[in-house]
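[1] pasting a predicted model and its sequence here:
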Amino acid sequence: MNKGKVVVGMSGGVDSTVAAYLLNKQGYEVTGVTLRMWDGEGTEKAIADAKRVADSIGISHEVLDCREAFRTCVVNDFIGQYQKGVTPNPCIVCNRMVKEKSLLDKAKEIGGKYIATGHYARIEKHPKTGRYAIRNSATAEKDQTYALYRLTQEQLGAMLLPIGEYTKDEVRKIAEAVDGFVAKKGESQDICFIPDGDYAAFIEREGKLTETPGNFVDMDGTILGKHKGLIHYTIGQRKGLGIALGKPAFVYRLDTEKNEVVLSDNAALFRTTLCADNLAYMAYDKFEDGQRFLAKIRYAHKPAWCTVRMVGEDKLEVVFDEPQRAITPGQSLVLYDGEFVAGGGFVL
């Protein structure tokens, strides 16, 4: 039975391979699509791997050129945020503005109803509100709901996440039946367009920026030494500061006006309150003052209980029950109602 046309994002990796394989087995008419977003290391090989896998599964495969959108929406934003002294998460922007948008546009073009990716998450209607929402995957170890919180209701309504019920080991085992080489591939890079992890060098090169050294200062403003440029640092950082004070020191704040890196002890990094803007709503279409949620302030953060209230048309205040370490401007606050993503925003 043909369940309809689905466009599957295929990166040439394990997870998207298995997503396409499972949907094909379930009776969908699958089109594999690889998004060319960046002409970097490994791009051509990833495309070739995806094409080989698609042939093995017996599905069609196309390459979509998304480089312009990726540069505008993701790379330029990434550089701009670092210039402002904040630490962005480009994958979250990419998921909504480039990946899922491009897949959905392609699905509409071919008369398809669905799109799919290899994310470890599930999509269900929220039991209270009836809105589409991302739900935690079956395995907490690989849960990727945090990165998907900005998806729209239209995107969620068309989206299939076939590996959300599986563990990574189970997915690798399925992949072995499709392509032995792909099944042995390692995990993908955190940021695909900076494979070496040298953010500062990338920002200098792509943003045509010159680093401006400045002062390390303590909480009272006393000069402690010289830093290499604000783009080398993020809140909570201890390693790689290049300064010896005879005691542990951590980045407390980046002061873009004075070009200073403010250092503190670890205890000063703990706070109970944050504000977020550029809000995205998922399980709920608005937040009510006094609502209780579990919140994550970074991908690997253990969810913590909090209470929220609106303090502006597009600004949310979050008060945690317990102090949280290194709340970082530019990172995403993601709110959970049980296992469902309620929404979130960017930390101010």
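    Cool, the structure landed. Residues are numbered from 1 along each chain as shown.

[2] now do the SS call for T34.
    strand (DSSP: H, G, I helix; E, B strand; the rest coil).

[3] burial count for it?
    By other CB atoms under 10 Å, the residues close to T34 number 24. All C-beta atoms are positioned from the backbone trio N, CA, C, and that covers glycine.

[4] who's it bridged to?
    The partner list for T34 in beta bridges (DSSP bridges) reads V63.

[5] next, the contact list for it, please.
    G9, M10, S11, G12, A46, I47, A50, K51, H61, E62, V63, L64 (CB atoms under 8 Å, 6 or more residues apart in numbering).

[6] from those residues, keep the buried residues only.
    Buried members of these, counted by 16 or more other CB atoms under 10 Å: G9, M10, S11, G12, A46, I47, A50, K51, H61, E62, L64.

[7] wait, the fourth one sits on E44?
    So the one you mean is G12. No. Using CB atoms under 8 Å as the test, G12 is too far from E44 to be in contact (10.2 Å).

[8] show residues contacting the worst-scoring helix or strand of the chain on mean pLDDT.
    Of all helical and strand segments in the chain, the minimum by mean pLDDT, DSSP states H and E falls on helix 180-183, at a mean of 80. Contacting residues not belonging to helix 180-183 are listed as G12, G13, V14, T17, D49, V53, R172, A175, E176 [CB under 8 Å, 6+ apart].

[9] between these, which is closest to C94?
    G13 (15.4 Å; CB to CB).

[10] ok, the closest one to N89 distance?
    Distance, G13 to N89, by CB to CB, to the nearest Å: 20 Å.

[11] A helix includes L279, no?
    No. Secondary structure of L279 (three-state DSSP): strand, not part of a helix.

[12] the contacts of T34 in helices, which ones?
    Here DSSP state H is the test, and the contacts of T34 give A46, I47, A50, K51 as lying in helices.

[13] quick check: pLDDT value at the first one.
    Among the per-residue scores, A46 shows a pLDDT of 92.

[14] same thing with T234?
    Predicted confidence (pLDDT) for T234: 95.

[15] most neighbours, which of the contacts of helix 180-183?
    T17 (31 neighbours).

[16] would you confirm that it contacts K51?
    No. Here T17 does not reach K51: they are 11.6 Å apart, not a contact under CB under 8 Å.

[17] which single one of the ones in helices among the contacts of T34 is nearest to P303?
    Nearest to P303 among the ones in helices among the contacts of T34, counting by CB to CB, is A46 at 32.5 Å.

[18] quick one, what contacts the closest one?
    Here A46 is in contact with S11, G12, G13, T34 (CB under 8 Å, 6+ apart).

[19] quick one, helices of the stretch 1-150 of the chain?
    Secondary structure of the stretch 1-150 of the chain by DSSP state H, counting those that start in this stretch: the helices cover 14-25, 43-57, 67-70, 76-83, 90-94, 100-109.

[20] where does the stretch 101-250 of the chain have low pLDDT?
    Scanning the stretch 101-250 of the chain for pLDDT under 70 picks out 189-190.

[21] ranges for the strands of it?
    In the stretch 101-250 of the chain, the segments counted as strands under DSSP state E, counting those that start in this stretch are 114-116, 122-125, 132-135, 159-160, 214-217, 223-227, 250-255.

[22] now those as JSON lines including mean neighbour count?
    Converted to JSON lines, those look like this (neighbours: other CB atoms under 10 Å):
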{"stretch": "strand 114-116", "mean neighbour count": "24"}
{"stretch": "strand 122-125", "mean neighbour count": "17"}
{"stretch": "strand 132-135", "mean neighbour count": "25"}
{"stretch": "strand 159-160", "mean neighbour count": "20"}
{"stretch": "strand 214-217", "mean neighbour count": "19"}
{"stretch": "strand 223-227", "mean neighbour count": "16"}
{"stretch": "strand 250-255", "mean neighbour count": "20"}
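
[23] E313 is nearest to which of those strands?
    strand 132-135 (23.0 Å).

[24] elements contacting that closest one?
    Other helices and strands packing on strand 132-135, by 3 or more CB pairs under 8 Å, 6 or more residues apart in numbering; DSSP states H and E, are strand 122-125, helix 153-157, strand 340-347.

[25] want to throw those into CSV with distance to K286?
    Shown next, in CSV, are the helices and strands packed on strand 132-135 (distance: least, CB to CB, whole Å):
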stretch, distance to K286
strand 122-125, 18
helix 153-157, 14
strand 340-347, 9
